[in-house]
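Q: quick one: sequence and predicted model below, then my questions.
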Amino acid sequence: MSVVQHILREEYDRLQELVSFYSEAIEKLPKGSISWKKRNDKIYAYLVYRDHKKIKFIYLGKENSEKAVEISRHIEARKEKEKLLRQVKANLKEIKKALHILSSKTKTPDFTIGHNLLKKKWSPSHCVLWPDRRKKLKRRDSL
């Protein structure tokens, strides 16, 4: 294995660990967003998220309550970690491509396909790509 492949393999392993780390961290944080509703000149906070096909609303308290502020911080942290996870997955995809390219360059080429083509006898009729083109040319000549 070359030095470049070894470095790419280490980076690949590091990114795999980051994917699992961010995925576990995201699972622990609340999903959804905060919805602010005004009723009788007072503002209330609700946590809104989807549970399968249903939309769930969980009451958090008034607009400046500790619970609403804490949940909003957790939601911001979740969004940030989701953004980082997307970046890590994009980097992982690039590393996979680079590893694939390097591994395909180190393989020995397979000449059996070309060898089988040389054994066959080819006639000029096999080389005609557009038979309809020939008909169009004949029609133009006859005019």
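A: Structure's in. What do you need?

Q: ok, for residue 45, nearest residue in space, not its chain neighbours?
A: Distances taken as Cβ to Cβ, 6 or more residues apart in numbering put residue 68 closest to residue 45, at 3.8 Å, once the chain neighbours are dropped. No exception for glycine: its C-beta is placed from N, CA and C like everyone else's.

Q: distance check, the one you found against residue 30.
A: Note on residue 68: its distance to residue 30, by Cβ to Cβ, to the nearest Å, is 12 Å.

Q: neighbour count winner among the two?
A: Legend: neighbour count by other Cβ atoms under 10 Å for residue 68 and residue 30, higher for residue 68 (21 against 16).

Q: sec struct for the nearest residue in space to residue 36 that is not next to it in sequence, please.
A: Nearest residue to residue 36, sequence neighbours excluded (Cβ to Cβ, 6+ apart): residue 43, at 5.5 Å. When classified by DSSP: H, G, I helix; E, B strand; the rest coil, residue 43 comes out as strand.

Q: repeat that for residue 37.
A: strand.

Q: who does it bridge with?
A: Here residue 37 sits in beta bridges with residue 44, as judged by DSSP bridges.

Q: what do you get for residue 54?
A: Residues in beta-bridge contact with residue 54 (DSSP bridges): residue 51.

Q: show me what contacts residue 78?
A: 26, 29-31 (Cβ atoms under 8 Å, 6 or more residues apart in numbering).

Q: please read the previous query as pertaining to residue 82.
A: Contacts of residue 82 (Cβ under 8 Å, 6+ apart): 22, 26.

Q: quick check: phi and psi on it?
A: phi -70, psi -40 (degrees, to the nearest 10).

Q: ok, back up a step: what separation is there between the residue nearest to residue 45 and residue 88?
A: Taking Cβ to Cβ, one finds residue 68 at 30 Å from residue 88.

Q: go on, residue 42?
A: To residue 88, residue 42 is 42 Å away according to Cβ to Cβ.
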